[in-house]
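Peer 1: Next come a sequence and a model predicted from it.
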Amino acid sequence: MRAYRVGGVLLLCGALAWLPPLVGVDTRAQSQSPAADLLEKAIRQLNLAIQQAVLAQVRSAPSEVHVHAQVVLNLLQGRGGPDYDATAAPDPGDGVGIIPYVERLRAEPELQGDANESVQLNLENVLWYLERAGEHAKNAREERSLAGAQREMRQALAFLSAAKGREQEITAAGGLLVLRIRLATPAERPGTPQSEK
């Protein structure tokens, strides 16, 4: 990137253009449906939980891993969850919780009916992955050894990653990123002629 002294605004805009990919912000146009909006919120919270599970792997004391495990639980369950505890660990998310977002997504009218059976199966699988991630985060919180706590957080990370999925997956077992493609309009779908203009 070249720096031109045409004014602070131009330099600032050039610098901010690189920020969204670095912090995981989706720069696509705003969602056009309530389901797509819920999905994007769930993905943002899930990215934060994955970050916490990764950070747990580089800590040097069990108590530090316990904090990351609690943050993951806070992000998964939201303020209404039975294991939510913002006094033990901060909640860097919006407080709603990934699981409540996915449950609300499952109830969205536009995702009901026979035509959306595979979408519902996808969301059911995502919820299962998230619940398993929560179980491993709880186990990590209880582990007294560093190796044990980190092992549990690696398991949590695996399930969080499965819940996120990859955009290239096309099965109902795929995660939230697969659903993002299904909910996208044809012009937003990667690989379609409209998206390559």
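Peer 2: Happy to help now that I have it.

Peer 1: List the residues that contact the residue nearest in space to the middle of the chain.
Peer 2: In the chain, the C-alpha nearest the mean C-alpha coordinate belongs to residue 46, at 1.8 Å (Cα atoms, centre = their mean). Applying Cβ atoms under 8 Å, 6 or more residues apart in numbering to residue 46 gives the contacts 75, 98, 160, 163, 164, 176. From N, CA and C alone the C-beta is placed, and that goes for glycine too.

Peer 1: Just the ones of these in helices?
Peer 2: 75, 98, 160, 163, 164, 176 (DSSP state H).

Peer 1: Let me have those residues in JSON lines, adding pLDDT as columns.
Peer 2: Listed next are the ones in helices among the contacts of residue 46 as JSON lines, based on pLDDT from 0 to 100:
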{"residue": "75", "pLDDT": "98"}
{"residue": "98", "pLDDT": "98"}
{"residue": "160", "pLDDT": "98"}
{"residue": "163", "pLDDT": "96"}
{"residue": "164", "pLDDT": "96"}
{"residue": "176", "pLDDT": "94"}
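
Peer 1: Can you tell me which of these is closest to residue 83?
Peer 2: residue 75 (11.1 Å; Cβ to Cβ).

Peer 1: That closest one reaches residue 49, doesn't it?
Peer 2: Yes: Residue 75 lies in contact with residue 49 (Cβ atoms under 8 Å); the separation is 4.3 Å.

Peer 1: tell me, what's touching these two both at once?
Peer 2: In contact with both residue 75 and residue 49: residue 98, using Cβ under 8 Å, 6+ apart.

Peer 1: residues contacting the nearest residue to residue 157 once chain neighbours are set aside?
Peer 2: Leaving aside its chain neighbours, residue 157 sits nearest to residue 53 (3.8 Å; criterion: Cβ to Cβ, 6 or more residues apart in numbering). By Cβ under 8 Å, 6+ apart, the contact set of residue 53 is 68, 72, 133, 137, 153, 154, 156, 157, 160.
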